[in-house]
Structures are given as structure tokens and as C-alpha cells.
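J.: How does the following fold in three dimensions:
(2 chains)
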2 protein chains.
Amino acid sequence: MTDAAASFEVRLPSWLEAGPRDAARRFPTQEARMAFVLELAERNVDEATGGPFAAAVFARGSGELVSVGVNLVVASGLALAHAEVVALSLAERALGSFDLSEADVELVTSAEPCWMCLGALHWAGVRSIVCGARDADVRAIGFDEGHKPEDWAGEFARKGVAVRCDVGRAEAIRVLARYRAAGGPIYNAAK
Amino acid sequence: MTDAAASFEVRLPSWLEAGPRDAARRFPTQEARMAFVLELAERNVDEATGGPFAAAVFARGSGELVSVGVNLVVASGLALAHAEVVALSLAERALGSFDLSEADVELVTSAEPCWMCLGALHWAGVRSIVCGARDADVRAIGFDEGHKPEDWAGEFARKGVAVRCDVGRAEAIRVLARYRAAGGPIYNAAK
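T.: Down below sits the predicted model:
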């Protein structure tokens, strides 16, 4: 194997590094957090840097922004580079731990997490999950979100993790439609 | 946010970079592939570089080694750094695509994949999955593997992905027990 196969890195696109990362900016409500996330998702479409998905991690009490993520699967060449995984990993970097549970954080995502991202949320220890578009909305533009447990939200709730869906759903669907209309790649593994 | 929160990287430990990566080495049988993977898992325990888990990606036909991965959650500070995610991501780097399906590869893992890693396998497009220890064996030493669909193997099979379990299970369990006896950290998110 070459040295290239001894490591992998995911990096935010330059527009997001230089732009609306807004260290320590505060977002008091879940609606305000989602509006910010949907702006990132739309920008990711318009900049053609990835799929129509974004996510961010906030301190639940203060509303302070901890990290952001956008879908970077095609740009990074890595199937794991979903918005949620990127935002969670950058939050872990920012807070210095693979376990976010003590920091009491909320992940806000422009669309309901896929099979992999639900598992990533489980391991990362977020205390609250807020979703925009529904799973069916994402599948409707062609993404195969995988074999998700039907009662995933109930399972999180039983472990004390708050889940709220349909926040900004109409706007989230509009971003998905914009991506589809722009001819953005639907990056499922070939079957 | 600091610059550190604009990217994250996962790198194999030095013993694995310098050691048994064996570019283009061939492993003709699933048993031989698993024996190699279990050696990596045990070495990861003995070197104290991570959890008692390893995985590798092989070209299904030739048995050629494509990539390796070990659990690096604690070392990397990233909850996503499970052996399967590391091996898949390094295979994607090595083969130059987020979609491994055309390369016709097999992922061999020392233990049944968790909730997140099942989703990662779905997106990566592997055509065959071979597991050592069972899910229950991993939970028995304290890891919370998440809310996995009961019929995950059947779901993969319906999509044409071969799944074989219990390959080298006894040896895989021995490695898990070795980790537990050594007092290795059980890195679940706090509840």
C-alpha cells in the first residue's frame, strides 16, 4: 500500500472555512439553528461542493455554535463524509473528546440522518437531535438511506436523547429540489 | 472556531504503518483473511493503540489486500474511528472512489459491525462481509453496539451482499477477553 492509504482526512470547503463558521455565535432557538443549517445546505449546493445536506452542533443551553458540517462525499472521495459525521467529528476535535455527552450538545441536521449517521449519533453522545427534511423526502430525490430501525427516534428517547423532526421541513425540501434541479450527483453505491 | 475545527484526520498507528500492511499480499480464503485481521486486533490491544477490533478490505477474487483498519477511537479522539470505518475509508483512498462496488471487495472484521458500521458498509458498496465475534460477544465486554436492525444480514443479502458470520469466532472472543483483562477502556458515550 502507498503512504496515501495510511491516513484519511476530511476538510471543510474553503467557502465554509472563510465564511459563516461564526465562532461562538449564539442561536437561541431550534428554529434559528435550523435556519442557519439550511443556509449552509443551500450554499453547499450552489458552490457545488457536495450533496444538499448540512448539520451543526450547538451547546444546548447557550445555543453557542460548536461545529458545522456539510456533505462532502464526492469532494472528499469518502462515503463517510455525510454532514452529520463531519459536524460530529469537528465538534469532537473542538471539544477534545470522542464523547460529547458531558458537553450537552444538540445536533441540528437539514435532513433525517441515514443508517450510518444514526449510529454515529449513538456513539458521539449527543443529547438532542433536530431534523429538517424527512427520510422519505431524501429518498424521493434518489438517495438510498439504508435499513433504518423503524423506531429509531423512540430508541434515542428511551436513552434520554430528545428528538424533534419536521423543523423547517418545507425549506429543507426546497434545498433538496434545488440540488436535483441542478443535476447534482446521487452518490449511492452501485448495486 | 479554531482552524483545528475545520478538518479531522485519522492515521494508522506507527506499528501498522511500518508493519504488517503487506501491499498486494494475497489471502486466498476467508479463514486466512480472518486470521490476518485477528492478528491486527490482538496487536492493537498489545500496543494499547485502541479497542480490540480490526478489519481489512480484500479484492474478492484475487484475495489481494486493499486496506487495513484498527479501532482508533481513543487514540484519535473521534467516535467514528472504528476498525471498519478506517478500513473502508483507506480502501476508498487506495482505490480512488467513495464507491467500492465496482472493485468487488470484501470486508473482513474481527467482530460483527455496530449500528454505525453497518451503515458505513451500506454506503461503501462492499459485496461481501465476513465477521468473527458476534454482536453479543462484543456487548458482553461492555460495548453498547447500538440499535441494529434484527435482520441486517438478510437486508444485505437481499441487495446481493454476501454475509458470513462466526469465522474465527473463538479466537476473536479470546482477543476481546485479552482487552478486558488488560483493563482497556470501554469507550461508550456516557448516558
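
J.: A:E171 touches A:A133, doesn't it?
T.: No: using CB atoms under 8 Å, A:E171 makes no contact with A:A133, being 9.0 Å away. Just so you know, the C-beta spots here come from the backbone N, C-alpha and C atoms, and that holds for glycine as well.

J.: And the two? Which one has more around it.
T.: A:A133 (29 against 17; other CB atoms under 10 Å in any protein chain shown).

J.: Could you tell me what pLDDT the model assigned to that one?
T.: Residue-level confidence at A:A133 comes out at 98, pLDDT.

J.: In chain A, where is pLDDT below threshold?
T.: Applying pLDDT under 70 to chain A flags the ranges A:1-4, A:18-24, A:191.

J.: ranges for the strands of it?
T.: If DSSP state E is used as the criterion, the strands of chain A fall at A:7-11, A:54-59, A:65-70, A:105-111, A:128-133, A:162-164.

J.: out of the ones you listed, nearest to B:R93?
T.: B:R93 lies closest to strand A:7-11 among the strands of chain A, at 5.4 Å (CB to CB).

J.: so what strands line up beside the closest one?
T.: strand B:7-11 (antiparallel) (DSSP bridges).

J.: Please point out which parts of the strand it pairs with sit buried.
T.: Buried positions in strand B:7-11, judged by neighbour count with 16 or more other CB atoms under 10 Å in any protein chain shown: B:F8, B:V10, B:R11.

J.: and it with strand B:65-70, angle?
T.: Relative orientation of strand B:7-11 and strand B:65-70, computed by axes from the mean of the first three to the mean of the last three CA atoms, to 10 degrees: 100 degrees.

J.: show me what contacts A:V130?
T.: A:Q30, A:R33, A:M34, A:E106, A:L107, A:V108, A:T109, A:V163, A:R164, A:C165, A:V167 (CB atoms under 8 Å, 6 or more residues apart in numbering or on different chains).

J.: rerun at 10 Å
T.: By CB atoms under 10 Å, 6 or more residues apart in numbering or on different chains, the contact list for A:V130 reads A:30-31, A:33-34, A:37, A:55-56, A:58, A:106-110, A:162-168.

J.: which residues does it bridge with?
T.: Assigned bridge partners for A:V130, using DSSP bridges, are A:V108, A:R164.
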